[in-house]
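>>> Mind folding the following:
(chains A and B)
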Protein chains: 2
Amino acid sequence: MNLKDIEILKTQYLKEMTRLLNFSEEELAVIHSLNIFRAYKKGTILLKEGQFSKTSYYLIKGCLRSYYLVDGEEKITAFFTENEQFSPSCIITNKPSEHYVACVEDCLVSIGTPESEKMMLERFPRFEKICRLYSEELLVKQQTAFDHFKIASPEQRYMNFVSSRPDLLQRVPQYQIASYLGLTPQSLSRIRKRLVKTEQYLHKVAI
Amino acid sequence: MNLKDIEILKTQYLKEMTRLLNFSEEELAVIHSLNIFRAYKKGTILLKEGQFSKTSYYLIKGCLRSYYLVDGEEKITAFFTENEQFSPSCIITNKPSEHYVACVEDCLVSIGTPESEKMMLERFPRFEKICRLYSEELLVKQQTAFDHFKIASPEQRYMNFVSSRPDLLQRVPQYQIASYLGLTPQSLSRIRKRLVKTEQYLHKVAI
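Now for the predicted structure:
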């Protein structure tokens, strides 16, 4: 992303948020004054194990991955893309991070800190309701994703991923998708081959 | 639980909530008028697959389990005990439930509906902040639990469970714990035997 692209994206984002949340002139002025935008290059690590960050990120453009290092091996637990938010658990737990967060692609984000959020909520109390509804929605989405992960076979897990996050298939390397699904790259490769054969078989039957 | 026990628990609950949330007389009067308490016998099913309930439950006493039926087999995805809340995803998704919720023990709960919550939040806007903070806290807890489930080996998963939910070991049958951990009862049994041997070995070394 060059500077011109970043400026275009910032303007689009504020326009879209104004449409969705009906920002007043005063609210927009405060948002502008907060200097909330950050651009990061692909590969940048935003949070490391042991760090104590309280910065949360809302993705305007790009993709983040969250991962743990277990015996030197990267175990990916989440991807975040456009219009998704990542808040480090440190904000609530007051304990250092157990995991890493890194940019899978060049990213443009808006950042939040407990201080800026407190100030915004005190000044514009209507944001309390917006934030509550957003958190409640995320909670249900996350609970459903956790449930589906638990009850699915590895093959179903991959199919759920393909249907719920088709964009990520093109954006993320296959070994990272395998890690995210709790599979080895070899298992994922076998599953994909099996599914392709089934699709070809189903196609023949249909003809 | 007999009627006397239920009355004692209700009084304790309202006293504790008044202490934590600093209820005013007016707020307490409205809560009393809402008739929020329900007692259910062990085995009662509160939500079934295909139902469209919008009732949420806050556990005052007892234990609930949430499960899916996959090819006739019960796959448990969550337990809820004292001071935990279960909200069906229907509230947010407007789709019928994919899973079941049942009482593992006799339960006393306080219930909420979108209508009662809307009324309370409109009448007492300070509850917006309380509900937002509660949802944000739950979100982080749930994300961490999901991460730990993903990155852990079956043995570690059981050890995490023992350290994070020791009370459930006594309250829930072992086959339900196995299901919750994504294990067969046989695997869980082998893991427990291995751990007992390791503990005995560690104990000998320590002597």
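>>> Need phi/psi at A:T81.
Per-residue torsions, A:T81: phi -130, psi -160 (degrees, to the nearest 10).
>>> Now it. Nearest residue, chain neighbours left out?
Counting by C-beta to C-beta, 6 or more residues apart in numbering or on different chains, A:C63 is the residue found nearest to A:T81 once chain neighbours are left out, at 5.0 Å. Where C-beta positions appear, they are placed from N, C-alpha and C, glycine not excepted.
>>> Identify the residues contacting that neighbour.
Residues near A:C63 by C-beta atoms under 8 Å, 6 or more residues apart in numbering or on different chains: A:F79, A:F80, A:T81, A:C103, A:V104, A:E105, A:C107, A:L168, A:R171, A:V172.
>>> Apply 6 Å and report the result again.
Going by C-beta atoms under 6 Å, 6 or more residues apart in numbering or on different chains, A:C63 touches A:T81, A:V104, A:E105, A:R171.
>>> Then A:I8?
Residues in contact with A:I8 (C-beta under 6 Å, 6+ apart): none are found.
>>> at 10 Å instead, please
By C-beta atoms under 10 Å, 6 or more residues apart in numbering or on different chains, the residues touching A:I8 are A:M1, A:N2.
>>> Tell me the spacing between it and chain B.
32 Å (C-beta to the nearest C-beta, to the nearest Å).
>>> Next one: stretch A:182-193, is it in contact with chain B?
Yes: Stretch A:182-193 lies within reach of chain B by C-beta under 10 Å from any C-beta of the partner chain, at A:G182.
>>> Tell me the bridge partners for the spatially most central residue of chain A.
Taking C-alpha atoms, centre = their mean, the centroid of chain A lies closest to A:F80, which sits 1.3 Å from it. On the basis of DSSP bridges, A:F80 is bridged to A:L64.
>>> The one 5 residues further on now?
For A:Q85, the residues forming beta bridges with it (DSSP bridges) are A:Y58.
>>> Now do the helices in chain A.
Assigned by DSSP state H, chain A shows helices spanning A:3-21, A:25-33, A:90-93, A:114-123, A:126-151, A:154-164, A:166-171, A:174-180, A:185-206.
>>> Show me the contact partners of the second one.
Put plainly, it is helix A:25-33. For helix A:25-33, using C-beta under 10 Å, 6+ apart, the contacting residues are A:14, A:17-18, A:21, A:23-24, A:110, A:116, A:119-120, A:123-124, A:126-127.
>>> Which positions in that helix come out as buried?
By neighbour count on 16 or more other C-beta atoms under 10 Å in any protein chain shown, the buried set for helix A:25-33 is A:E27, A:I31.
>>> How about the shortest one?
When burial is assessed from 16+ other C-beta under 10 Å, helix A:90-93 yields the following buried residues: A:C90, A:I91, A:I92.
>>> And for the second one, nearest residue in space, chain neighbours not counted?
Spelled out, that is A:I91. Distances taken as C-beta to C-beta, 6+ apart place A:K54 nearest to A:I91, at 5.1 Å, with adjacent residues excluded.
>>> and the one you found, how far is that from chain B?
Computed with C-beta to the nearest C-beta, the distance linking A:K54 and chain B is 12 Å.
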